[in-house]
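Chemist: Below are the sequence and a predicted model for it; my questions follow.
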Amino acid sequence: MEKQPDHRKGHRQRLRERYLKSGVKALNEYEVIELLLSLGTPRKDVKIPAKELLKKFKSLRGVLDADDTDLKTIKGVGPNNIFGLKFIHDVASEYLKQKTTELPVTSSPEAVYEYLLHTMSGLDKEVFKAIYLDAKNRIIEIEDLFEGTVDTSVVYLREAVKSALKHNAVSIIFAHNHLSGDTRPSEDDKNITQELVNACELMEIKVLDHIIISGNDYFSFANQGYIETYRNKFEKFVKSI
């Protein structure tokens, strides 16, 4: 009987060559995951685990955002594979963070949105983040301020302003994530944004935006006119007293 060719032979090399020739867009999503898994087990066939990961987590981003416990439920995915996935995820986060600090935010807002989407869309808890900027709108630091549901707590306001002053920030962008998949701001979101604008204005720090991240989408309070409205209301109030 004639022996059938083993199509697995040279498969990984062909994937690498296709990537080197045409870039990551030339690969199917499961093939990208397959190459990432191969970083941890270079001599093991990981095509099936790659497909199973994509089936379970729906997308490359979902795989990279998944926690260790969930990744371990996929047969053929071990500690070395998980290390490779987590390492790539964190390197990408650091790259995007450095990319956002290279140019003034006003000239590269897309880089800020890209960074926030990558670092916040897959979180399993709400995180409230602050991006501090200098007088030239260059990023000084990016910091996680709080975890949990956002509300109008005085502690939140005090700590947010205190941290901005510590970093000598001239302006600030706030961001937090919704776990629901819906980026629309709640009444609490609107209230805390108004309070943050007021508190920062008192300290001569401008709130440039408050961004809500959920899934692959975001909501910008600035783009929707809320920040300017809140600032105008505060200025009218100050003038009236």
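Modeler: Structure's in. What do you need?
Chemist: where's the closest residue to Ser93 other than its chain neighbours relative to Asp70, distance?
Modeler: In space, and not counting its chain neighbours, Ser93 is closest to Thr119: 5.3 Å by Cβ to Cβ, 6 or more residues apart in numbering. All C-beta atoms are positioned from the backbone trio N, CA, C, and that covers glycine. When distance is defined by Cβ to Cβ, to the nearest Å, Thr119 is 18 Å away from Asp70.
Chemist: Flag every buried residue along the helix or strand of the chain with the lowest mean pLDDT.
Modeler: Ranked by mean pLDDT, DSSP states H and E, the weakest helix or strand in the chain is helix 154-166, scoring a mean of 82. By 16 or more other Cβ atoms under 10 Å, the buried positions in helix 154-166 come out as 156-157, 160-161, 163-164.
Chemist: Just give me the closest of the residues you listed to Arg18.
Modeler: Set against Arg18, the nearest of these by Cβ to Cβ is Ser163 (46.7 Å).
Chemist: Contacts for the helix ranked longest in the chain next, please.
Modeler: Longest helix of the chain, by residue count under DSSP state H: helix 79-102. Residues outside helix 79-102 that contact it (Cβ atoms under 8 Å, 6 or more residues apart in numbering) are 36-37, 39-41, 46, 49, 63-65, 68, 71-72, 108, 111-112, 114-115, 118-119, 138-139, 142.
Chemist: Take those and keep only those in helices.
Modeler: 36-37, 49, 63-65, 68, 71, 111-112, 114-115, 118-119.
Chemist: how about the strands of this structure, start to end?
Modeler: 127-133, 139-147, 171-177, 206-214, 217-220 (DSSP state E).
Chemist: give me the low-pLDDT residue ranges for this protein?
Modeler: 1-10, 101-103, 106-107, 149-155 (pLDDT under 70).
Chemist: In it, which residue is most central in space?
Modeler: Thr119 (2.2 Å; Cα atoms, centre = their mean).
Chemist: Got the domain ranges for the protein?
Modeler: 11-92, 104-240 (automatic domain parsing).
Chemist: Could I get these in TSV, plus columns for distance to Gln98?
Modeler: Shown next, in TSV, are these (distance: least, Cβ to Cβ, whole Å):
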stretch	distance to Gln98
domain 11-92	11
domain 104-240	10
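Chemist: Identify the residue nearest Glu201 in space, chain neighbours excluded?
Modeler: Phe234 is the one closest to Glu201 (Cβ to Cβ, 6+ apart), at 5.5 Å.
Chemist: Which strand residues bridge Ser214?
Modeler: Beta-bridge pairing of Ser214 under DSSP bridges involves Asp217.
Chemist: Let me know how buried it is, in neighbour terms.
Modeler: Applying other Cβ atoms under 10 Å, we find 19 residues neighbouring Ser214.
Chemist: Check the contact between it and His176; I expect there is one.
Modeler: No. The criterion here is Cβ atoms under 8 Å, and Ser214 misses it with His176 at 9.8 Å.
Chemist: Give the full set of residues in contact with the residue nearest to the centre of the chain.
Modeler: Thr119 touches 93, 96-97, counting by Cβ under 8 Å, 6+ apart.
Chemist: List only buried entries from these.
Modeler: Going by neighbour count (16+ other Cβ under 10 Å), those have 96-97 buried.
Chemist: Distance to Lys56 added to the contacts of Thr119, as JSON lines?
Modeler: JSON lines is the format used below for the contacts of Thr119 (distance: Cβ to Cβ, whole Å):
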{"residue": "Ser93", "distance to Lys56": "22"}
{"residue": "Leu96", "distance to Lys56": "25"}
{"residue": "Lys97", "distance to Lys56": "28"}
